[in-house]
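**Q** I would like to see how this sequence folds:
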Amino acid sequence: MQLVAVVHRACSCLLAVAVIVLGVAWFAATDAAAQPCAPGAVCFDHLKCYAVTADHHAFKGHKLEVFNQQFGQETCKMTDHAKLFCAPTAKTSVDGHPPNSPFPTESLDPSQDFICYSAVCQPTVKRQIVAGDQFAHRDMVIANARLICAPARKSTTP
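**A** Numbers count the residues shown, from 1 in each chain. Predicted structure coming up:
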């Protein structure tokens, strides 16, 4: 029952904390929660997302007005059934070698999980963006958001 209350609280404050994810589940930590990663330290700078195969919460849809600093204001319809559960993760090797990212990294709060929901947002113009991460430099075309993820906390009791 406690988990249901947490999910309800997370849904009710989505306008303040929603993160629109474009295609895949990637997130940014808030500046207050992020800590610079010290060389050689365990750094929770990734999210690993797990498929939700059963969500026993009663279905309800939501209409959201959301804003993100890169793409502005959007109106979205969100389902109330969880699709992904994401947890901060530390990468310990890449192709058998120690991590060596060309990008400065910040550690996520290892206790800050996310629950992601399917979303249908107002049609937007496709945008061409250039972005890079530790795996590759990419020229991409992005379309509408498909997921909205909200901060969550796990409960020890079902």
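**Q** Any stretches of the protein with poor pLDDT?
**A** Residue ranges of the chain with pLDDT under 70: 1-35, 100-102, 104, 157-158.
**Q** For the closest residue to Gln122 other than its chain neighbours, give the beta-bridge partners.
**A** Closest residue to Gln122 apart from its sequence neighbours, by C-beta to C-beta, 6 or more residues apart in numbering: Thr75 at 4.9 Å. C-beta coordinates here come from the backbone N, C-alpha and C atoms, glycine included. For Thr75, the beta-bridge partners under DSSP bridges are Glu65.
**Q** Counting neighbours, what do you get for Thr75?
**A** Thr75 has 11 neighbouring residues, counting by other C-beta atoms under 10 Å.
**Q** the strands in this structure, which residues?
**A** 19-21, 35-36, 46-51, 62-68, 72-89, 106-107, 113-121, 127-132, 137-142, 147-152 (DSSP state E).
**Q** Show me what the longest one is packed against.
**A** Same thing as strand 72-89. On a contact count with 3 or more C-beta pairs under 8 Å, 6 or more residues apart in numbering; DSSP states H and E, strand 72-89 meets strand 46-51, strand 62-68, strand 113-121, strand 147-152.
**Q** Could you list every helix and strand that the first one packs against?
**A** Contact analysis of strand 46-51 by 3+ C-beta pairs under 8 Å, 6+ apart lists strand 72-89 as its packing neighbours.
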